[in-house]
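A.B. asks: quick check, what structure comes out for this input:
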Amino acid sequence: LELEGIGPCPLAACVLADFGADVVTVCKAQGGIVLSQQDPVSRGKRSIAIDIKSREGVKVLKRLAASADVFLEPFRPGVVEKLGIGPEVLCS
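C.D. replies: Numbers count the residues shown, from 1 in each chain. Down below sits the predicted model:
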């Protein structure tokens with residue numbers, strides 16, 4: 001499970017997908033278009049648009065994380081904890 005972002009996260013998820021992992025990218029949709037799907041490192045990944053700043057979005061993300069083996073997030077330290085989707089929450 002990958003949260004959309006920049007830096008090493010998309011590339012790491014791409015490598016996992018290249019080796020056969022089922023990668024789901026959680027991204028923002030802008031105007032109904034998932035922008036990250038136009039990026040070459042999105043090959044082999046599925047995507048879903050979720051508002052991770054909403055309660056409903058956090059619930060959906062928690063359900064997805066329950067079946068994930070890996071959680072990749074591209075944010076600075078402490079950001080996912082502020083959003084209520086830190087490792088302690090997702091692993092419980």
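A.B. asks: which non-adjacent residue is nearest Cys14?
C.D. replies: Val41 (4.1 Å; CB to CB, 6 or more residues apart in numbering). Where you see a C-beta, it was placed from the backbone N, CA and C, and this is true even at glycine.
A.B. asks: and what of Gly84?
C.D. replies: Counting by CB to CB, 6+ apart, Gly84 lies nearest to Val58, which is 5.5 Å off, once chain neighbours are set aside.
A.B. asks: same check, this time on Ala65
C.D. replies: Leu90 (4.3 Å).
A.B. asks: where in this structure is pLDDT low?
C.D. replies: Along the chain, the model assigns pLDDT under 70 to residues 29-37.
A.B. asks: now the strands for the protein?
C.D. replies: 2-3, 23-27, 29-30, 33-34, 45-49 (DSSP state E).
A.B. asks: deepest-packed of the ones you listed, please.
C.D. replies: Sort the strands of the chain by mean neighbour count, taking mean count of other CB atoms under 10 Å, and strand 2-3 sits at the top with a mean of 24.
A.B. asks: tell me what it is packed against?
C.D. replies: helix 8-18, strand 23-27 (3 or more CB pairs under 8 Å, 6 or more residues apart in numbering; DSSP states H and E).
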